[in-house]
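Trainee: sequence and computational prediction follow.
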Amino acid sequence: MGKGRKQQTAVWMVFLQGLLTALGIYLAGQLLLALLLVKGTLPEGVAFPVVAALCAAAVACGGLLTVRRSPWGTLPAGLLTAGLFAGVLLVVGLSCWENVTWTGHGGVLLLCVLAGGLLAGLLGGRRKRGGKRKRK
């Protein structure tokens, strides 16, 4: 065996894990939101702002996971995760609905996704490894 060498994860696997984390958080939040709307805890008027915030938060969490483990820079890794998540939203939206209003709610959701990726890229700076300090 090697001397404590860690096996590197493939770059595509890191981005897939970040995407799946973001999708999992997003779907769990959607289920919770649906439950709260059906029970009458939340009024219908707050559904879209909650979905928009949920998009940004889910991508930020998935992006932070990707940023910490990716060999690329922090901002490109966060934005690529956001782009992958936006691509999934686009594919699902276009396959389920005939008319998607990109100037309405659809465009706002995509902007929130990109904002979450940007947030992950800015906040997910690399941890500095502390070396041994010399004693005086």
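Mentor: It's in. Residues are numbered from 1 along each chain as shown.
Trainee: what residue ranges in the chain score low on pLDDT?
Mentor: 1-7, 100-103, 126-136 (pLDDT under 70).
Trainee: and the gap between the residue nearest the centre of it and T21?
Mentor: Geometric centre of the chain, nearest residue: V59, 1.6 Å, by C-alpha atoms, centre = their mean. Computed as C-beta to C-beta, to the nearest Å, the V59 to T21 distance reads 10 Å. C-beta coordinates here come from the backbone N, C-alpha and C atoms, glycine included.
Trainee: list the buried residues of the lengthiest helix in the chain.
Mentor: In the chain, taking DSSP state H as the definition, the longest helix is helix 11-39. Buried residues in helix 11-39, counting neighbours by 16 or more other C-beta atoms under 10 Å, are found at V14, F15, Q17, G18, L19, T21, A22, L23, I25, Y26, G29, L33.
Trainee: got a list of contacts for stretch 50-63?
Mentor: Residues outside stretch 50-63 that contact it (C-beta atoms under 8 Å, 6 or more residues apart in numbering): 18-23, 25-26, 29-30, 33, 42, 77-78, 81-82, 85, 89, 108-109, 112-113, 115-117, 119-121, 123-124.
Trainee: please read the previous query as pertaining to stretch 90-106.
Mentor: Residues from elsewhere that reach stretch 90-106 (C-beta under 8 Å, 6+ apart): F48, G107, L110.
Trainee: for that stretch, list the C-alpha coordinates in PDB.
Mentor: The C-alpha coordinates for stretch 90-106 follow below in PDB (Å, rounded to 0.1, in the frame of the first residue of the first chain):
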ATOM      1  CA  LEU A  90     -34.700  23.000 -19.000                       C
ATOM      2  CA  VAL A  91     -35.100  19.400 -20.200                       C
ATOM      3  CA  VAL A  92     -37.800  18.600 -17.600                       C
ATOM      4  CA  GLY A  93     -39.600  21.800 -18.300                       C
ATOM      5  CA  LEU A  94     -39.600  21.400 -22.100                       C
ATOM      6  CA  SER A  95     -40.600  17.700 -21.900                       C
ATOM      7  CA  CYS A  96     -43.500  18.300 -19.500                       C
ATOM      8  CA  TRP A  97     -45.000  21.600 -20.700                       C
ATOM      9  CA  GLU A  98     -45.600  22.800 -24.200                       C
ATOM     10  CA  ASN A  99     -45.300  26.600 -23.500                       C
ATOM     11  CA  VAL A 100     -42.700  27.800 -21.000                       C
ATOM     12  CA  THR A 101     -42.600  31.500 -20.400                       C
ATOM     13  CA  TRP A 102     -38.900  32.400 -20.300                       C
ATOM     14  CA  THR A 103     -39.700  36.000 -19.700                       C
ATOM     15  CA  GLY A 104     -41.800  35.100 -16.700                       C
ATOM     16  CA  HIS A 105     -41.200  32.600 -14.000                       C
ATOM     17  CA  GLY A 106     -39.000  30.300 -16.100                       C
END
